[in-house]
Each structure stands twice: as structure tokens, then as C-alpha cells.
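Trainee: the sequence and its predicted three-dimensional model are supplied below.
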Amino acid sequence: MVCAAVASAAPAIERRGVRNAASEAPPGLPGGALAPGMRVVIRGIDLEGVTRLFIEARGGRRSAPVERSEPRQAWAVLPFDVPLGQVRLAVERGPERSAWVNARVLPSSPGLFLPDKPIAVRRGEFVTLRVTGLGVRRGEVRVYVGGVAAEGAPENEGDALTFTVPAGAPTGCAVPVQVQLAGGPVSNAVAIEIEGGAACEEAEQFGRWLSTGGRSGLLLPFTLAARLEIDGTLGVSRGEGVAAAFVEGSRREGAAIPAAGTCMVYAGDIAAAAPEQQLRSLLTGSSRELDAGRVWARSGERRADLPRDDAGLHYRAAGGAMPDAHEVERPPFFDGHAVTLHGEGGRDVGAFRKTVALPDPVQWTGREALEEVDRTRPLHLRWRGATGQPVFVGGIVLDRVTRAGGGFLCLAPAAAAEFIVPPHVLSFLPQAEGKMERSAGVLLLATVPEGAAAIHQDVEGLNGLLAVGAFVDARSVRFR
């Protein structure tokens, strides 16, 4: 009998696979660089058992022990004397070493870890969050709590950052917190509850399912009024669509709807695919699609089946025209102020029938004149016609070159007719030309019916199902 020895595969790191272990921001974003002393996650294949991380630059070679490893991920802490600028990284397991991958090191590139359990505090109380990427020169650390600078000097010891919730901080179930060193990139956002009360329990539970890998669903009938540049042509369109998604294990931090008057930021990898698939990747993260069987929508006497695409999204452009160079004009689909979505049930998700209310449209004033956004200055947006409905302001950048996506979502205070997006939120995004085929920059103004968003917990196979109708006004812009 002849025995053949099978050599184990050498470890391999993904091309953009060494990242801040807290934010996991892709390298194409301003906050996607590494920093001295940063705790990093290493993505790749055959990484289990790797013992050292090597960092090579013109100043020589350094190494750090790998603290923990799994087949697809490993974790280490960069040395504090790692040189700034471009470096190469590799991992080692015994005599086997991976190929080198490139990365960029900045003086600071902070990331906040998702808290192990929800944090609920009052104004004036102390909060401690875990942070990494502050670098060697711990200069002025700025902590933004719902856009308001924390009072006093935050205390930093190891990876613990302690600050006082400012007296003027917004209250609510999900108040975003971000960190920045003077002159450096801003961190990802984590949400804390500030004087939220019992009303936060349901929202907190749904957000926890999303951020910790639960089984969640979304039903979204919407009207999209768009002024977008596609294939070099600026098109103006208005269409009606219906979308549904069912996922498990999205682990999308910051998934909660931000508290009124605040902005949440998002980051993720995107595929070299169509813009709608890139957007899905940004919003849901790395997840497994759940089988819900056939899904369809009814509005009055009209019916629209929602086919499932390769990315697991059920979607139908049902009425009007969507922003596509080859899109056709369809008869209106929405009849009245409600749509009913049906699911026959599949291997993972049970049958459902949910009626979703539709909002009145909102008028974005000054939209036509807005062509460029300066990320270093406050962005003022104004509107009319919300009539008590919640209004959201958002921005998205999808970069096909770096395959990185970033976005923000703000909820305006009740009855407001304008919102100011602060520079520390805008600076989280990369630059964008505004052209969908390269680096797409889009601004959004959206509204939903007052009090109509519903979280259903009666669908078999799901922890929660969010059902909400929306009116969305979008336009291409350049982010500078």
C-alpha cells in the first residue's frame, strides 16, 4: 500500500484583508488605514495555526505575535514602532509564509468596538467604550455623542476610552458615538441609549439581532424620484418598486435607526457588480440569504411578483420608471396609501401576509442646484410637505475601483424642515465623482409614514420582520 503525503496549503491573506479589528473598514475609506499599536483582524484562507504577523517597510521588518486564529480570520496587535506610509504584511505558520499584501499606516485611524451589551445612560454620566487605532501620539481625542462633542478630556487607558455624555447630547434609543484625533480620520459609529426608556426595548432587540447575526427580514415598498448620472447620461425618473430581503448573520453594526437629530455611518465591501447589488452589500454586510419561497405584492387589483436575484434580494420595479438608461415607463402600481406583501414560505421562513402603509411625498427644495458636497463643511438640506412624517437624510458612496462603500443616515427632529449634516459625518465617506459606473456619490432625502414602521415577530423562522413604506428622492453628487 502506497501512502501519499498531502501538504497543507500555505496561509493566504486577502488582498485588502488586514483591517482595524473594531471597525473592519475597507482600505478604500478614509478610516480604512492601519495605525501603530492597532488591533487588527486578518482575513484570508487557511489561517488557522498562524503564529506571527510580519510588517515590512523601507525602515526594515517587524513582527507581532498572532493572538488567535481561525481558518478564515486571525487577530494580532501591530507594533507601536511600525513605520508610517506604505507597508507590506504577511503571516507565518511554521515554515509556511503567506504572500505579501499591501496596506497603508497613518498616525491614527480609530475604530470603536461594538459593546458586549447595550449601554443605557443619562446625560452627565460616564461611558466607557473599547477603542483601537489611536496611534502613538495620543493628541486631542474628540468624542462625538450624537454630533455633540463630549465634555472635558476623554480618558484613554489601553483600549478603554471613557468620556462624559454631554448635557446637550440628543436623547433616544440609538445615539451614535464616533471618535477622532485632531487632523485624522473619524471612526465608525456605535450606538448607545440616552434617556430612552421603555420605548427602546423593541428597537434595541431588532438592532441586536442585526448586529449579532440573527434572522431578520425587510419589506420595503417605495417610490423613487431620481436625478442620477448613469453611463455618462443624467436621467430624471420617478418609479415605484417593491423589495424584500431575508438574511441571517448580517452582523451589521450600526443597523439601528439613529435617534432624532443624529446620523449613523456605515461601511462595507462591495462586489464588482451592479449598483443595486453593491448597495445591498453595504447595507446587509456578510450574510446568508434565507429562503422565503415566492414573494409578491398587491395594491388594489394589481399584483407584482418579486423575483429573487443572485444576491438573494426579492425585487420588482412595479410602476413608473426606475433610473436606468434602458428603463421603460410602466403604468402606476400603487393604488392608495397601502401595499400588501405576501410570502408563501420556504425552507427558512414561514408564510406571511403584511400590509404596509405608504407615505405622502416630500419636496426637496434646492435639489437641482446641489451638485457637489464639500466633506469638510456642514451640509444644509431643506424640504417641504413632510406633514409630520419622519424625514431621513442620507448619503452613499460606492467605489468600484477600491470596492469600498460608505454611507450615512440621519433622522431629522420631528416637524423639522431642514437638517445640517456635520463634517465629521461627511468625512467618513471617500471622495466620489457621482458617476454610477465608477465611484457613485448619491444624496438621499426620504420619508416614511408617521408611526407606520412595524416590527413583526410572528413570522416563523425570523427573529423580526421590519415592514415600512418609503418615498425616496435621490440625486447624483460629487463628494470632495
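Mentor: Received, thanks.

Trainee: got the phi and psi for the closest residue in space to Pro422 that isn't next to it in sequence?
Mentor: Take Pro422 and drop its neighbours on the chain: the residue closest to it by C-beta to C-beta, 6 or more residues apart in numbering is Gly147, 5.1 Å away. Where C-beta positions appear, they are placed from N, C-alpha and C, glycine not excepted. Reported as degrees, to the nearest 10, the phi and psi values for Gly147 are phi 90, psi -10.

Trainee: so who does Gly147 touch?
Mentor: Gly147 is in contact with Pro170, Pro176, Gly261, Thr262, Cys263, Pro422, His424, Val425, counting by C-beta atoms under 8 Å, 6 or more residues apart in numbering.

Trainee: hey, which helix or strand in this protein has the poorest pLDDT?
Mentor: One helix or strand of the chain scores below all others by mean pLDDT, DSSP states H and E: helix 275-284, with a mean of 50.

Trainee: next SSE downstream of it?
Mentor: For helix 275-284, the succeeding helix or strand toward the C-terminus, using DSSP states H and E, is strand 288-289.

Trainee: just checking: what are the partner strands of that next one?
Mentor: The strands beside strand 288-289 in its sheet (DSSP bridges) come out as strand 233-248 (antiparallel).

Trainee: chain center to the following helix or strand past the strand it pairs with, what's the gap?
Mentor: Sequence order places strand 262-269 as the next helix or strand after strand 233-248, per DSSP H and E. The chain centroid and the centroid of strand 262-269 are separated by 4 Å, computed with C-alpha atoms, centre = their mean, to the nearest Å.

Trainee: then stretch 84-102?
Mentor: Mean-position distance between stretch 84-102 and its chain equals 29 Å (C-alpha atoms, centre = their mean).

Trainee: how about the CA coordinates for stretch 306-324, as CSV?
Mentor: Only the C-alpha atoms of stretch 306-324 are listed here, as CSV (Å, rounded to 0.1, in the frame of the first residue of the first chain):
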residue,chain,number,x,y,z
LEU,A,306,-40.9,39.8,-6.7
PRO,A,307,-38.3,37.5,-8.3
ARG,A,308,-35.2,36.7,-6.3
ASP,A,309,-31.9,37.8,-7.8
ASP,A,310,-28.5,36.2,-7.4
ALA,A,311,-27.8,38.3,-4.3
GLY,A,312,-30.9,37.0,-2.6
LEU,A,313,-32.9,40.2,-2.9
HIS,A,314,-36.6,39.9,-3.9
TYR,A,315,-37.3,43.0,-6.1
ARG,A,316,-39.7,44.3,-8.7
ALA,A,317,-39.8,47.7,-10.5
ALA,A,318,-43.5,47.8,-10.4
GLY,A,319,-44.6,51.2,-11.8
GLY,A,320,-43.3,54.3,-13.5
ALA,A,321,-39.6,54.2,-14.5
MET,A,322,-36.5,53.5,-12.4
PRO,A,323,-33.1,55.2,-13.1
ASP,A,324,-31.7,53.0,-15.8
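
Trainee: which residues sit against it?
Mentor: 223-224, 226, 228, 230, 235, 237-247, 273, 276-277, 280-281, 289-290, 292, 295-297, 302, 304-305, 327-334, 474.

Trainee: can we see that at 6 Å?
Mentor: Stretch 306-324 is touched from outside by 226, 228, 235, 237-245, 277, 280, 289, 295, 304, 327, 329-330, 332-333, with contacts defined as C-beta atoms under 6 Å, 6 or more residues apart in numbering.

Trainee: by neighbour count, which of the contacts of Gly147 wins?
Mentor: Thr262 (30 neighbours; other C-beta atoms under 10 Å).

Trainee: now the residue most central in space within the chain. Nearest residue, chain neighbours left out?
Mentor: What sits nearest the mean C-alpha location of the chain, by C-alpha atoms, centre = their mean, is Tyr266, with 2.6 Å. Once flanking residues are discounted, Tyr266 sits nearest to Gly407: 4.6 Å by C-beta to C-beta, 6+ apart.

Trainee: could you verify that the one you found is part of a helix?
Mentor: No: read with DSSP: H, G, I helix; E, B strand; the rest coil, Gly407 is strand and lies in no helix.

Trainee: okay, now the unreliable bits of the stretch 201-350 of the chain?
Mentor: 202-213, 230-234, 249-255, 271-287, 325-326 (pLDDT under 70).

Trainee: one more time with 50
Mentor: Filtered on pLDDT under 50, the stretch 201-350 of the chain yields the residue ranges 254, 272-273, 278-279, 282-284.

Trainee: the stretch 351-480 of the chain: strands as residue ranges?
Mentor: With strands called from DSSP state E, counting those that start in this stretch, the stretch 351-480 of the chain shows them at 352-357, 363-365, 372-373, 379-384, 391-399, 404-411, 418-421, 439-447, 454-456, 464-467, 470-476, 478-479.

Trainee: how about TSV for those, with mean neighbour count added?
Mentor: Listed next are the strands of the stretch 351-480 of the chain as TSV, based on neighbours: other C-beta atoms under 10 Å:
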stretch	mean neighbour count
strand 352-357	18
strand 363-365	17
strand 372-373	16
strand 379-384	16
strand 391-399	24
strand 404-411	24
strand 418-421	17
strand 439-447	24
strand 454-456	15
strand 464-467	22
strand 470-476	21
strand 478-479	20
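
Trainee: measure stretch 465-475 end to end?
Mentor: The straight-line separation of the ends of stretch 465-475 (C-alpha to C-alpha, to the nearest Å) is 29 Å.

Trainee: who touches it?
Mentor: Outside stretch 465-475, the residues within contact range by C-beta under 6 Å, 6+ apart are 217-219, 221-227, 354, 356-359, 361, 364, 367, 442-448, 453-456, 459.

Trainee: circling back: ranking the strands of the stretch 351-480 of the chain by mean pLDDT, which is last?
Mentor: Ranked by mean pLDDT, the strands of the stretch 351-480 of the chain bottom out at strand 454-456, with a mean of 83.

Trainee: returning to that earlier point: list only buried entries from the contacts of stretch 306-324.
Mentor: Neighbour counting with 16 or more other C-beta atoms under 10 Å marks 226, 228, 235, 237-245, 277, 280, 289, 295, 304, 333 as buried within the contacts of stretch 306-324.
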